[in-house]
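Undergrad: got a predicted model here, sequence first, then my questions.
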Amino acid sequence: MRELTRKDVEAACKGGSIFASGGGGFYEHGLAMGQAALTLDRVKLVSVDELPDDAIILTCTAIGAPAGTTDWQMLGKDYIKAVQLVMEKYEGKIVGVMTPQNGKSSSTNGWLPSAALGLVVVDATGDIRAHPTGKMGAMGVANNLNYQTIQAVAGGKAEKGNYMEVVVSGTSAKTSKILRIASDLSGGFIAAARHPLTAKYIKENAAIGGLSKAIDLGNAIIEAEPNGPEAVINAICKQTKGEIVGRGKVTRKNMHYTNEAFDIGTIEVTTQDGQLILYVMNEFMAIEDAKHNRLSTYPDVIAMISAATGQPLSTNEIETGTEVAVFKIDKSQIPLSSSVKDPTVYPEVEEALGIKLYDYAFKEKVEK
């Protein structure tokens, strides 16, 4: 167990920005929520091994489209309220919170409820990188008909009549769809708490150490920043054992927002060797070349880094003409949760993007 610091807030958001894979929330929001938590009370980070097997852990997250295309509002109290709503409904003691994914803000998702409600932050993630659907970070409960979950959301601009609180119980698959709709109605981005699960289950199904890996990467980025953007890119590659797929200029961006709070489309980068096509559903999910040869597929970490600043770009920050480095971390270099290995969480995303994902990620041969 250790107490998180202001430096950890910055590191979590900067390291999380790479694992965000083009999504994962908003950097300034993550900083604000993390710093607010530390002003409220001490925030304690614990290994899941430090908790008894029957300790209950809750996932804290945000649901919505992270490209900044909607008029959303999410305050610190909304994160706290979402957890309180689950605690009121759940018949048992919740002792800790965790994030379903790293990201620009999602790495600090649970810190405010932790400080406000006397909970610990657990060093595990439902998926070490950001992903578009709750199923991908649900650690195997997404399509388990025997698991009855509780999920809650809070947020939205009250002055526009968009603020709402919703609590639902039932299977993860059905209740997640309800919360997606709530996110859209609230303005496109909303605080959420879900899936009370035992520490034993987390040990067996989560990406263990996922948050500390983001903090370690963030510290490497902070150390390299005084030496310029190329030093930052090199530090990212060294720390993660990742690689640059190609460097070039963004030449096309084709994105649209859906009423299920998804940003979907493609972004194309022209490099010296040809064309790179990045498929986006809130996050980067695959990279292909101009001949549609697959170069990277979720759950690989995929990021687009500004050549001018060395900072990873969210999809809303990417504009045509921007010089970028396209980066990936192969899935063999990161801890994988049970949910990213589950073939049943992929069809929804594959249908939206019109490409295969699971077969490329986990089967040796793929019929195109």
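TA: Okay, I see it.

Undergrad: show me the helices in the chain, by range?
TA: Secondary structure of the chain (DSSP state H): helices at 6-19, 27-40, 76-89, 111-117, 172-186, 199-205, 210-224, 229-240, 347-353, 358-362.

Undergrad: tell me what the strand ranked longest in the chain is packed against?
TA: Taking DSSP state E as the criterion, the chain has its longest strand at strand 243-257. In terms of contacts (3 or more CB pairs under 8 Å, 6 or more residues apart in numbering; DSSP states H and E), strand 243-257 is packed against helix 229-240, strand 263-271, strand 274-281, strand 323-329. Every C-beta, even on glycine, is put in place using the N, C-alpha and C of the backbone.

Undergrad: can you put those in TSV and add mean neighbour count?
TA: Below are the helices and strands packed on strand 243-257 laid out as TSV (neighbours: other CB atoms under 10 Å):
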stretch	mean neighbour count
helix 229-240	19
strand 263-271	20
strand 274-281	22
strand 323-329	22
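
Undergrad: adding distance to residue 130 and mean pLDDT, write those out as TSV.
TA: As requested, those are exported to TSV (distance: least, CB to CB, whole Å; pLDDT from 0 to 100):
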stretch	distance to residue 130	mean pLDDT
helix 229-240	15	98
strand 263-271	12	96
strand 274-281	11	97
strand 323-329	13	98
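
Undergrad: and the spatially most central residue of the chain, how far from residue 107?
TA: Residue closest to the mean C-alpha point of the chain, counted by CA atoms, centre = their mean, is residue 130 at 2.8 Å. Between residue 130 and residue 107 the computed distance is 10 Å (CB to CB, to the nearest Å).

Undergrad: shared neighbours, these two?
TA: 19, 24 (CB atoms under 8 Å, 6 or more residues apart in numbering).

Undergrad: pLDDT below threshold where in the stretch 1-150 of the chain?
TA: Where the stretch 1-150 of the chain drops to pLDDT under 70, the residues are 65-70.

Undergrad: try 80 this time
TA: For the stretch 1-150 of the chain, the stretches with pLDDT under 80 are 24-25, 64-71.

Undergrad: so the residue nearest to the centre of the chain is in contact with residue 105, correct?
TA: No - judged on CB atoms under 8 Å, residue 130 makes no contact with residue 105 at a distance of 10.1 Å.

Undergrad: give me the common contacts of these two.
TA: With CB under 8 Å, 6+ apart, residue 130 and residue 105 have common neighbours 24, 25.

Undergrad: so what are the domain limits for the chain?
TA: With domains defined by automatic domain parsing, the chain comprises 2-210, 225-362.

Undergrad: residue 160: neighbouring residues, count only.
TA: For residue 160, the count of nearby residues is 11 (other CB atoms under 10 Å).

Undergrad: could you measure from residue 22 over to residue 316?
TA: Applying CB to CB to residue 22 and residue 316 gives a distance of 9 Å.

Undergrad: which of those two has more neighbours?
TA: The neighbour comparison of residue 22 against residue 316 (other CB under 10 Å) goes to residue 22, with 29 against 16.

Undergrad: so what's that one up against?
TA: Neighbours of residue 22 in contact, by CB under 8 Å, 6+ apart: 130, 278, 280, 282-284, 302-304, 312-315, 318.

Undergrad: over to residue 144?
TA: By CB under 8 Å, 6+ apart, the contact set of residue 144 is 171, 172.

Undergrad: relative to residue 11, how far out is it?
TA: Taken as CB to CB, the span from residue 144 to residue 11 is 34 Å.

Undergrad: next one: residue 96
TA: In terms of CB to CB, residue 96 sits 21 Å off from residue 11.

Undergrad: now do residue 217
TA: 8 Å.

Undergrad: now residue 285
TA: 26 Å.

Undergrad: before we move on, what about residue 258?
TA: 33 Å.

Undergrad: also residue 336?
TA: For residue 336, the distance to residue 11 equals 23 Å [CB to CB].

Undergrad: comparing these two, which residue is more hemmed in?
TA: residue 11 (24 against 16).

Undergrad: got the contact list for the closest residue to that one other than its chain neighbours?
TA: Nearest in space to residue 11, with sequence neighbours left out and distances taken as CB to CB, 6 or more residues apart in numbering, is residue 218 at 3.0 Å. Contact analysis of residue 218 by CB under 8 Å, 6+ apart lists 10, 11, 12, 13, 14, 15, 16.

Undergrad: can I get these in a markdown table including distance to residue 346?
TA: Formatted as a markdown table, these follow (distance: CB to CB, whole Å):
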| residue | distance to residue 346 |
| --- | --- |
| 10 | 34 |
| 11 | 32 |
| 12 | 28 |
| 13 | 29 |
| 14 | 30 |
| 15 | 26 |
| 16 | 24 |
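
Undergrad: which of these are buried?
TA: 10, 11, 12, 13, 14, 15, 16 (16 or more other CB atoms under 10 Å).

Undergrad: residue 24 and residue 103 touch, don't they?
TA: Yes - the criterion here is CB under 8 Å, and residue 24 meets it with residue 103 at 1.9 Å.
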